[in-house]
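K.L.:
show me the folded form of this:
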Amino acid sequence: MAVINRMAQLHDEITTWRRDIHSNPELGYDVVETAASVEEKLRSFGCDEVVAGIGRTGVVGVIKGGDNPSNFVIGLRADMDALPMSEFTGKPYASKNDGKMHACGHDGHTAMLLGAAKYLAETRNFNGTAVVIFQPAEEGGGGGKAMVEDGLMDRFAIDEVYGMHNLPGLDIGEFAIRSGGIMASTDEVIMTVKGKGAHAAMPHLGIDPIVAGSQLVLALQSIVSRNLNPLESLVVSVTKFIGGTALNVIPEKIKLYATVRSLSPETRKFAEKRIREICEGIATANDTQIEVYYNNNYPVTVNHEAQTRKAAKIASKIVGENRVETNIDPMMGAEDFSYMLEARPGAFIFLGNGDTAGLHHPKYDFSDEAIPIGCSYWAKLIEELMPAKPS
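P.N.:
Below is the predicted model of the structure:
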């Protein structure tokens, strides 16, 4: 394995950073302490420019190459936020903040990009500019979108942008990537079913929204099983059914919550159309009213073909070609790095986290063994894609 020697030397230091972030998780845009620590470290590394407050609490560091810098600029992105859940790892560095946990490995992502930034600022063995991007609010807050809308790409003249995420179940020392859609879009749906309340013993005097809601849950499953081409990917999951206050009362209204995941804009539009049509039909059949709140959240994470090839080639140089899966199956989870890939060409790659608990699990922990590998990938992306000019 061709891990950069300096990354191996920095392993213990970066691990300390990672575990400190893990012990002090913050949510969404409220990553104030994490962002401040990132900013302080970037300044101590000697970055040419450090800017805080991009996308509210995002931090950006600029590192220029050696003596003959070109105008080419590559962005590298890590996410900083944790999840609103309790940790059950029992680790000595477990979360100190009740109800908050780094259960997705963003602590590792941040630490690895910091390690790469320290190395790149020391060596500057490349021709061009590296922009290290530390993003808040990936877990549902759209921090990637906020940074793009705050002028990230234009302000720092970024030409290409790359992202990385750990993946439990993939061996440490392995990477996985694919061209095209690699992670799904995610949409949020809230359906409010309005009927007429009544005594449960006299249902004929009311209009039962629970019956209509139950029909709605079943009917929505027909979108995937009977309306969609079986070769297309779509998930429609009703995850909450809320209504009623007493055993003997038919409620006035209920609410259903659902998530919709797809891998193409066409399928995404089709799903919304069918959900609205089904709600209209169920409402008519049951003499109810169904209000639909439909929010298009993160778009499909689409890897650009040329940049995917570049990313896979760099990963192969670190771990070997046989340890880089270049056609991983798409995942129905979502990722707001998608907004950055809509703004600039780039690629999103998975880094093996080994045989650990899954992402968003209370016993999950980022594998520190993966740190030198991830750091080396970031550094090699910069050095190989913007090679230093001969002196």
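
K.L.:
which residue ranges of the stretch 51-200 of the chain form strands?
P.N.:
58-64, 73-79, 129-135, 160-168, 175-176, 180-183, 185-194, 198-199 (DSSP state E, counting those that start in this stretch).

K.L.:
all helices for the chain, in order.
P.N.:
Along the chain, counting by DSSP state H, helices occupy 5-23, 32-45, 106-123, 143-149, 152-155, 209-222, 265-286, 305-319, 338-343, 371-385.

K.L.:
before we move on, the earlier item: which of the strands of the stretch 51-200 of the chain is buried the deepest?
P.N.:
Per residue and on average, the most neighbours among the strands of the stretch 51-200 of the chain fall to strand 129-135, with a mean of 28 (mean count of other CB atoms under 10 Å). Every C-beta, even on glycine, is put in place using the N, C-alpha and C of the backbone.

K.L.:
figure out how far it is from the centre of its chain.
P.N.:
17 Å (CA atoms, centre = their mean, to the nearest Å).

K.L.:
quick check: angle from it to strand 58-64?
P.N.:
170 degrees (axes from the mean of the first three to the mean of the last three CA atoms, to 10 degrees).

K.L.:
can I get strand 129-135 in CSV, CA atoms only?
P.N.:
Extracted C-alpha coordinates of strand 129-135, given in CSV (Å, rounded to 0.1, in the frame of the first residue of the first chain):
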residue,chain,number,x,y,z
THR,A,129,-4.3,25.8,-5.9
ALA,A,130,-5.9,23.4,-3.4
VAL,A,131,-9.1,24.6,-1.7
VAL,A,132,-10.0,22.6,1.4
ILE,A,133,-13.7,22.9,2.2
PHE,A,134,-15.2,22.2,5.6
GLN,A,135,-19.0,22.1,5.4
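
K.L.:
per-domain residue ranges of this structure.
P.N.:
As assigned by automatic domain parsing, the chain contains the domains 5-183+300-385, 185-296.

K.L.:
for the strands of the stretch 51-200 of the chain, please prepare a markdown table with the additional fields distance to residue 294 and mean pLDDT.
P.N.:
Shown next, in a markdown table, are these (distance: least, CB to CB, whole Å; pLDDT from 0 to 100):
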| stretch | distance to residue 294 | mean pLDDT |
| --- | --- | --- |
| strand 58-64 | 28 | 98 |
| strand 73-79 | 26 | 98 |
| strand 129-135 | 26 | 98 |
| strand 160-168 | 27 | 98 |
| strand 175-176 | 32 | 98 |
| strand 180-183 | 20 | 97 |
| strand 185-194 | 5 | 98 |
| strand 198-199 | 30 | 98 |
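
K.L.:
how about these, which one is nearest residue 96?
P.N.:
strand 73-79 (20.3 Å; CB to CB).

K.L.:
need the contact partners of the closest one.
P.N.:
For strand 73-79, contacts defined as CB atoms under 8 Å, 6 or more residues apart in numbering pick out 106, 109-110, 112-113, 116, 128-136, 138, 143-144, 152-153, 156-164, 337, 340, 344, 346, 378, 381-382, 385-386.

K.L.:
sorry, back to before: Throw the helices of the chain into a markdown table and include mean pLDDT, mean neighbour count and distance to residue 183, thanks.
P.N.:
Formatted as a markdown table, those follow (pLDDT from 0 to 100; neighbours: other CB atoms under 10 Å; distance: least, CB to CB, whole Å):
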| stretch | mean pLDDT | mean neighbour count | distance to residue 183 |
| --- | --- | --- | --- |
| helix 5-23 | 98 | 18 | 23 |
| helix 32-45 | 98 | 18 | 24 |
| helix 106-123 | 98 | 26 | 15 |
| helix 143-149 | 98 | 23 | 12 |
| helix 152-155 | 98 | 16 | 20 |
| helix 209-222 | 98 | 18 | 23 |
| helix 265-286 | 97 | 17 | 13 |
| helix 305-319 | 98 | 20 | 13 |
| helix 338-343 | 98 | 22 | 7 |
| helix 371-385 | 98 | 25 | 18 |
